[in-house]
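Enquirer: next one to model:
(one chain, ligands or ions: 1)
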Amino acid sequence: MGDLHTWTTVLITDITYGIQGEEAQPFIKTAIEAVKSITIATTPGAFLVDQISILKYVPEWFPGAGFKRKAREWDLLRMEMTEDPFRVTKERMVAGTATPSLASAALEQMDPTKDIAKQEELIKAASVTAHIGGTDTIVATMGGFILAMLMNPDIQTRAQHELDRVLAPGDLPTFALEPDLPYVQAIMWEVLRHQPVVPLCFPHLVTEDDVYSGYLIPKNSIIMPNIWSILHNEDDYPDPYRFNPSRFLDINGRLDPSVKDVLGPAFGFGRRACPGKELALASLWIRIASILTCYRIEPEIDEYGNLAERKAEWYPGLTMFNHPLPFKCRFIPRSKDIEVSLDMNFT
Ligand code: HEM
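Expert: Below is the predicted model of the structure:
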């Protein structure tokens, strides 16, 4: 999972701040730690103070008040993550060396007739929010994909046959091939459906009285949309707990438009729906297609030289971000052509 974190944070740091390659390393380390801390802090019940709120008044040295020290450390991380890369982007814009990014594009478009400091604060906050929103979500989804392939070798084989039919030996997939790879697409949808990353969405405020199935939901209520339940509704997705990408295909192996859309619920609702959806989908698709092209995902070899048991374990408690527990597996290059291609592209 560590490599997935680095891989994803490198991408998001580039897109958000235009900081690339080696230069990104110190920011990536801070970002990974900061995002980890946010994931822990937003997990309901992670700290005693979640249940006994009076604890928030006790001093840091008091037994059981370790959360206060953690909060101070994590606040420092949050500040570093918010300030440091943003400052670098601004300095580079002044020097004329900035590469295009979310932050630089927004700074360029500031309205000079309005409060500049306030606009900068908003851009800084939007940039760090994108940074946070875009890392653990993709990491958890990719972790879920790798685990699903480990657990379902037949599904993996079918996807690899589809890729082999479309790609020349040694070639890597490109976005142009997306329409020719419906099973790969179906795998991505099934990963997002089977183990949604944000199972209870984020809290939404009801802005006017609403009636749903005969129940009045008064204005100003806070609701938690149950994405998990929507994506496990048996009427829409029969046998919903089974990982089965074929549910999205018709009898000719094409994507079946009559199957209920997964992407709507998986990325949230209304004006707070995920702004990173298109980036996330492109990033997930190319990663999934590339990994399946290059590698066979197999279980670890145990101490006796046998294949280790395939086991899927997910974080068991209530959590903001649903993610698999760490697991081991092997990535085996699928052919000599692929090994040569990987050497040429990534050394
Ligand atoms: C597998 C990938 C992802 C999934 C499943 C996902 C899912 C979600 C969901 C369910 C929400 C809550 C929406 C709501 O409250 O209705 C959300 C919000 C958000 N996401 Fe994503 N997301 C993903 C990737 C990303 C990426 C790549 C970015 C940015 C680069 C991003 C940025 C955000 C932000 C900033 C919000 C908060 C929006 C707001 O409150 O206005 N997400 N995401």
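Enquirer: give me every residue that touches the closest residue to residue 177 other than its chain neighbours.
Expert: Of all residues not flanking residue 177 in the chain, residue 166 sits nearest, at 5.7 Å (C-beta to C-beta, 6 or more residues apart in numbering). C-beta coordinates here come from the backbone N, C-alpha and C atoms, glycine included. By C-beta atoms under 8 Å, 6 or more residues apart in numbering, residue 166 lies in contact with 173, 177, 180, 181.
Enquirer: over to residue 307?
Expert: Counted by C-beta under 8 Å, 6+ apart, residue 307 has contacts 298, 299, 300, 301.
Enquirer: filter those down to the ones in helices?
Expert: Among those, no member falls in helices (criterion: DSSP state H).
Enquirer: closest to residue 209 among those residues?
Expert: residue 299 (53.9 Å; C-beta to C-beta).
Enquirer: re earlier: let's have the contacts of residue 307 in CSV, adding pLDDT, distance to residue 70 and neighbour count.
Expert: Listed next are these as CSV, based on pLDDT from 0 to 100; distance: C-beta to C-beta, whole Å; neighbours: other C-beta atoms under 10 Å:
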residue, pLDDT, distance to residue 70, neighbour count
298, 95, 38, 17
299, 94, 36, 18
300, 91, 33, 15
301, 90, 38, 12
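Enquirer: closest to residue 213 among the contacts of residue 166?
Expert: Looking across the contacts of residue 166 and measuring by C-beta to C-beta, the closest to residue 213 is residue 181, at 39.1 Å.
Enquirer: I'd guessed that closest one sits against residue 173; true?
Expert: Yes. Applying C-beta atoms under 8 Å as the test, residue 181 and residue 173 come out as touching, 7.2 Å apart.
Enquirer: next, show the common contact partners of the two.
Expert: Common contact partners of residue 181 and residue 173 (C-beta under 8 Å, 6+ apart): 163, 166, 289.
Enquirer: which one of the residues you listed is nearest to the ligand?
Expert: Of all the shared contacts of residue 181 and residue 173, the ligand sits closest to residue 289, with 15.5 Å by C-beta to the nearest ligand atom.
Enquirer: please report how far that closest one lies from residue 134.
Expert: 20 Å (C-beta to C-beta, to the nearest Å).
Enquirer: most widely separated two among the contacts of residue 166?
Expert: The farthest-apart pair in the contacts of residue 166, when distances are taken by C-beta to C-beta, is 173 and 180, at 9.5 Å.
Enquirer: so for the two, which sits in the more crowded spot?
Expert: residue 173 (22 against 13; other C-beta atoms under 10 Å).
Enquirer: can you pull the contacts of that one?
Expert: Contacts of residue 173 by C-beta under 8 Å, 6+ apart are 163, 166, 167, 181, 184, 286, 289, 290, 293.
Enquirer: any of those residues buried? List them.
Expert: Buried positions within the contacts of residue 173, assessed by neighbour count (16 or more other C-beta atoms under 10 Å), are 163, 167, 181, 184, 289, 293.
Enquirer: what helix or strand is the last one located in?
Expert: Here residue 293, judged by DSSP states H and E, is contained in helix 277-294.
Enquirer: how far off centre is that helix?
Expert: Offset of helix 277-294 from its chain centre (C-alpha atoms, centre = their mean, to the nearest Å): 12 Å.
Enquirer: now for it, which elements pack on it?
Expert: Where contact means 3 or more C-beta pairs under 8 Å, 6 or more residues apart in numbering; DSSP states H and E, helix 277-294 is packed against helix 2-17, helix 136-151, helix 153-166, helix 182-194, strand 330-333, helix 336-346.
Enquirer: of all the ones you listed, which lies closest to the ligand?
Expert: helix 136-151 (3.5 Å).
Enquirer: what angle sits between that closest one and helix 2-17?
Expert: Calculated by axes from the mean of the first three to the mean of the last three C-alpha atoms, to 10 degrees, helix 136-151 forms an angle of 150 degrees with helix 2-17.
Enquirer: average pLDDT for helix 136-151?
Expert: Mean pLDDT, computed over helix 136-151, is 94.
Enquirer: doesn't residue 296 fall inside a strand?
Expert: Yes. Assessed with DSSP: H, G, I helix; E, B strand; the rest coil, residue 296 lies in a strand.
Enquirer: just the pLDDT for it.
Expert: The model's pLDDT for residue 296 equals 95.
Enquirer: measure residue 313 to residue 195 for me?
Expert: Taking C-beta to C-beta, one finds residue 313 at 12 Å from residue 195.
Enquirer: run the chain-centre distance for stretch 314-333.
Expert: Centre-to-centre, stretch 314-333 and its host chain are 12 Å apart (C-alpha atoms, centre = their mean).
Enquirer: that one: which residues count as buried?
Expert: Quick answer for stretch 314-333 (16+ other C-beta under 10 Å): 319, 320, 321, 322, 323, 324, 327, 329.
Enquirer: just flag the most distant two among these.
Expert: 320 and 329 (25.8 Å).
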